[in-house]
Structures are given as structure tokens and as C-alpha cells.
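In: Attaching a predicted model along with its sequence, questions to come.
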Amino acid sequence: MANLKELSRKPERFTGGHRACAGCSAPIVARMLMMAADEPLVVGCATGCLEVTSTLFPYTSWNTPFIHSAFENSAATISGVEAAYQSLKRQGKYDKEVRFVAFGGDGGTYDIGLQSLSGAMERGHRMLYICYNNEAYMNTGVQRSGATMFGAETTTTPVGRKGYGKKQFEKDLTAILVAHGIPYVAQGSPSFWNDLITKMQKALATDGPSFINVLAPCRLGWAFPPEETIELGRLAVNTCAWPLYEVVNGEYKITYKPREKMPVEAYLKKQTKYRHLFRPGNEWMLPEFQKHVDEKWERLLTLAGEPIPAKEPVATG
Ligand SMILES: Cc1ncc(C[n+]2csc(CCOP(=O)(O)OP(=O)(O)O)c2C)c(N)n1
């Protein structure tokens with residue numbers, strides 16, 4: 001468990017002055033990571049909003065060694081640095097404890113960097129990969145990605161006479177990472193700071209590859225008021241559209257269970273990208289979305305060995 005008082009006393013290793021949009025959650029995630037870590041970090045970041053807004057030459061928000069990689073190879077870059085570090089240690093030329101972290105947006109992780117991520121995880125590097133998942137290619141103008149959820153309007157899944165937003169459901173990247181058999185995989189949200197920082201600490205302490213998929217609300221592409229970022233994340237979790245869980249050595253654990261699972265509508269109606277779901281003619285979309293969320297949640301409950309609640313109240317007598 002992270003201790004807020006202790007965290008507040010730590011030096012800022014991700015500084016203010018970056019150029020992210022007001023209300024952007026990506027810098028919040030970066031700041032949380034820097035607070036979670038006690039050891040020195042070497043951070044890599046693929047091209048995308050987080051990198052572009054935090055490293056405007058000649059300035060940087062990263063009070064730590066930082067490598068900007070190409071869009072597709074954040075994981076490969078950091079795995080190479082980690083391999084060099086292990087070699088120096090083996091040769092007795094370096095003895096400090098250092099941790100290695102790669103960041104990527106969902107475009108750079110779910111899609112274009114998937115092969116380099118998969119390779120790094122499979123080779124067993126001691127590194128943490130964090131996907132800040134804002135569910136689209138935001139930096140280049142909100143194009144759909146493999147992480148974009150069903151029905152979302154993006155610039156490449158427009159809504160109009162023929163289009164109703166993204167036709168496919170999102171790719172389950174967290175499950176793909178679990179399938180790699182690595183020791184630590186988790187889903188997190190900056191809206192649940194203690195849960196996320198604890199997961200980051202566990203991941204950094206893992207002697208092997210670790211991966212955290214963080215849902216990162218984007219006030220530009222999702223279109224909500226900047227002060228509602230944390231609220232949006234909370235709604236994603238409380239509707240079970242984005243469940244919080246971890247998989248440690250193959251064992252599933254749900255780390256936060258909403259007291260009452262809210263209907264997904266509460267989350268979707270806050271975002272402009274879903275406004276067409278509430279227009280006449282599209283009544284079929286919301287139940288479709290809800291069904292998908294319910295099925296995924298129930299599958300997760302089963303994997304975690306949790307009971308599945310009855311759908312209808314059981315009639316008695
Ligand atoms: C190989 C390659 N293709 C395309 C681009 C152009 N490009 C730069 S950032 C970006 C979008 C990044 O999206 P994502 O990884 O989801 O991060 P976000 O911008 O949402 O933070 C693209 C397509 C590039 N830099 N390199």
C-alpha cells in the first residue's frame with residue numbers, strides 16, 4: 001500500500017511545465033510512476049502525446065535519464081539498455097540498483113509496437129512497460145486504434161449516414177500480455193491512485209518483465225471538461241468498462257470491486273465520442289456495448305475465482 005504522506009514528501013521527478021492539454025491524464029500517470037519508484041529509473045517513451053508534450057527541446061519534464069524511441073520500439077529500446085546494464089553488472093563495472101521503464105500510448109503498444117513489446121517480454125528483461133491507453137492515436141488527430149472501444153467516433157471511424165463509429169470491440173491487450181506468462185501484469189487507473197502506485201511498486205520490484213495497462217482519459221479525443229479526468233476514470237472502473245486487476249504469476253486478482261456495478265451508459269454519456277449512441281436509430285448500440293462489458297467482467301470474475309452475481313433477483317416462494 002502506498003502512503004500518501006510519504007509520497008507527498010518525495011522529490012518531483014516528473015516536473016510541471018510540460019505542454020500536455022489541461023486535464024490530460026498521461027502526465028499524471030508519469031508522475032505517479034516517478035513517485036512509486038525508490039530506485040533511479042531509466043525511462044523510454046515512444047512517440048506520442050506523452051513524449052511530445054514532455055520533451056520539447058530544450059526543455060524536459062523528466063528528472064531522470066530519458067530516451068525517446070521511435071513509435072514502434074519503446075520496449076526494444078529499453079530492453080537493450082537493460083541488457084547492457086546486466087552486462088556491466090556481470091562484469092563488475094557497475095553495482096547500483098536501477099529500474100527500467102518503457103512507456104507507449106495505445107497506438108504504440110496495441111498496434112505498431114506490439115512485436116517489440118512481445119519480444120522484450122518473451123526475452124525476460126527486467127523492465128516495466130506502461131501503456132497509457134487513451135484509446136486512440138491522439139497525437140496525430142484522434143484516429144482509431146486497436147484499443148478504441150466499440151461505437152466510438154474517431155476521425156477514421158466517423159459517424160454519419162453509413163458509419164456508426166468503430167465497428168469492432170477493443171483488443172484485449174492485457175490478456176495477450178498474460179499469455180506471455182510473465183510474472184506481473186495489471187490494469188490500472190490514475191483515478192485510483194493507491195491501487196495504481198501499489199501496482200507500479202509491485203511491478204518495479206518484480207525480478208523479470210512486468211506490464212501495466214493504464215486507462216488514460218483524454219479530454220481532447222473523448223471531449224469532456226478538463227476538470228473531470230479523474231471522474232471519467234472512476235466511471236470507467238465503476239461501470240466495469242475498465243476493471244482493475246492484476247495477474248501475479250498467472251494468478252488473477254481483482255483489486256477493486258465496485259460496490260454497485262453502474263450501467264455503462266453513465267460512463268459513455270460523458271463523452272462526445274459516444275453521443276450518437278443516444279440518438280434515434282442507434283438504440284441497439286448501448287445494449288451491445290453493455291453486453292460486451294458484462295461478458296468480459298464475468299469472464300474476469302471466473303478467472304479470479306469470484307462468484308458471478310445473479311442477473312435477475314431470484315424469485316422465492
Ligand atoms: C512509424 C511511424 N508511423 C507514424 C508516426 C506518426 N505518429 C506520431 S505519434 C502518432 C500517434 C501516437 O498514438 P498513441 O501511441 O496512441 O499515443 P498518443 O498520441 O495517443 O499519446 C503517430 C501515428 C510515427 N511517428 N512513426
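Out: Looks like it arrived, so ask away.

In: okay, CA-based contacts and neighbour counts for the rest of this
Out: Fine.

In: helix or strand for the residue nearest to the spatial centre of the chain, which one?
Out: By CA atoms, centre = their mean, the mean C-alpha position of the chain lies nearest to residue 214, the distance being 1.9 Å. Using DSSP states H and E, residue 214 maps to strand 210-215.

In: Residue 132 now?
Out: Residue 132 belongs to strand 128-133, assigned by DSSP H and E.

In: how about the residues of this structure near the ligand?
Out: Proximity of the chain to the ligand (CA under 6 Å from any ligand atom) is limited to residues 47-50, 71, 104-108, 134, 136-140.

In: For this structure, give me the ranges with low pLDDT.
Out: Applying pLDDT under 70 to the chain flags the ranges 312-317.

In: any chance you could map the helices in it?
Out: 4-8, 26-36, 49-54, 74-90, 106, 114-123, 173-178, 193-205, 229-238, 265-268, 285-303 (DSSP state H).

In: which of those helices is buried the deepest?
Out: Highest mean neighbour count among those (mean count of other CA atoms under 10 Å): helix 106, with a mean of 31.

In: So which elements touch that one?
Out: strand 128-133 (3 or more CA pairs under 8 Å, 6 or more residues apart in numbering; DSSP states H and E).

In: what pairs with the strand it packs on, and is each one parallel or antiparallel?
Out: With DSSP bridges as the test, strand 128-133 is paired with strand 99-105 (parallel), strand 210-215 (parallel).

In: got the buried residues for the last one?
Out: It refers to strand 210-215. 210-215 (16 or more other CA atoms under 10 Å).

In: what's the neighbour count on residue 17?
Out: Close neighbours of residue 17, defined as other CA atoms under 10 Å, add up to 11.

In: Isn't it up against residue 56?
Out: No - at 10.2 Å, residue 17 does not count as touching residue 56 under the criterion of CA atoms under 8 Å.

In: how close does residue 176 sit to residue 59?
Out: Distance of residue 176 to residue 59, computed by CA to CA, to the nearest Å: 36 Å.

In: swap in residue 145?
Out: 30 Å.

In: Can you pick out the residue with more neighbours from those two?
Out: Neighbour totals were compared for residue 145 and residue 59, and residue 145 leads with 25 against 10 (other CA under 10 Å).

In: What sits closest to that one if chain neighbours are left out?
Out: residue 136 (4.9 Å; CA to CA, 6 or more residues apart in numbering).

In: I'd like to know how many residues surround the one you found.
Out: With other CA under 10 Å as criterion, residue 136 counts 26.
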